[in-house]
Structures are given as structure tokens and as C-alpha cells.
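Undergrad: coordinates only, no sequence provided:
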């Protein structure tokens, strides 16, 4: 009785671990296939990247710039 129970428990453990290992291997394979598919789609349909332009300082309104320079000079003098 004891040996039969032990044998069935070992069989159940081996089947369970085998199924888990098989699922993990299948998961890794599917992730690699999806990675390959995304790379292929990116080659076929590349994303359009817009370059953000830096805002130009207004020449007429440079009072904020002057205040910032004055504050930096005061802070550096301390």
C-alpha cells in the first residue's frame, strides 16, 4: 500500500513537472516568435518619429532671461 502510494505520487510529480517545463519552453518559443514578428512588422511599417524643435527665445521679451542671469550672478557671488 505504501509503495503504491509513493509510486503514484512520484508519477504525479513527474507528470506535473513535465507539463510545467513543457509550458515554459512553449512560452519562450512563442515570445521569440512574437519578437521576430514585431521586428518584421517594424521593417514593413516603420514608425514616423517627429523631431521636437526647441522653443526659440523671443528677442523682444528677454526680461526673464535677464532676471535669471542676475539671480545666477547673485547666487554665484555668495
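TA: Cool, got the structure. What you see is a predicted model; the values in this text were computed from it and never measured.
Undergrad: for the protein, give me the ranges with low pLDDT.
TA: Where the chain drops to pLDDT under 70, the residues are 54-61.
Undergrad: in it, which residue is most central in space?
TA: Centroid check for the chain by C-alpha atoms, centre = their mean gives residue 35 as the closest residue, at 13.1 Å.
Undergrad: how close does that one sit to residue 28?
TA: 11 Å (C-beta to C-beta, to the nearest Å). No exception for glycine: its C-beta is placed from N, CA and C like everyone else's.
Undergrad: just residue 76 next, same as before
TA: Applying C-beta to C-beta to residue 76 and residue 28 gives a distance of 57 Å.
Undergrad: can you name the next helix or strand after the helix or strand encompassing the residue nearest to the centre of the chain?
TA: Residue 35 is part of helix 2-44, with elements assigned from DSSP states H and E. Going down the chain from helix 2-44, the next helix or strand is helix 63-77, by DSSP H and E.
Undergrad: just checking the distance from that next one to the centre of its chain.
TA: Relative to the mean C-alpha coordinate of its chain, helix 63-77 is positioned 41 Å out (C-alpha atoms, centre = their mean, to the nearest Å).
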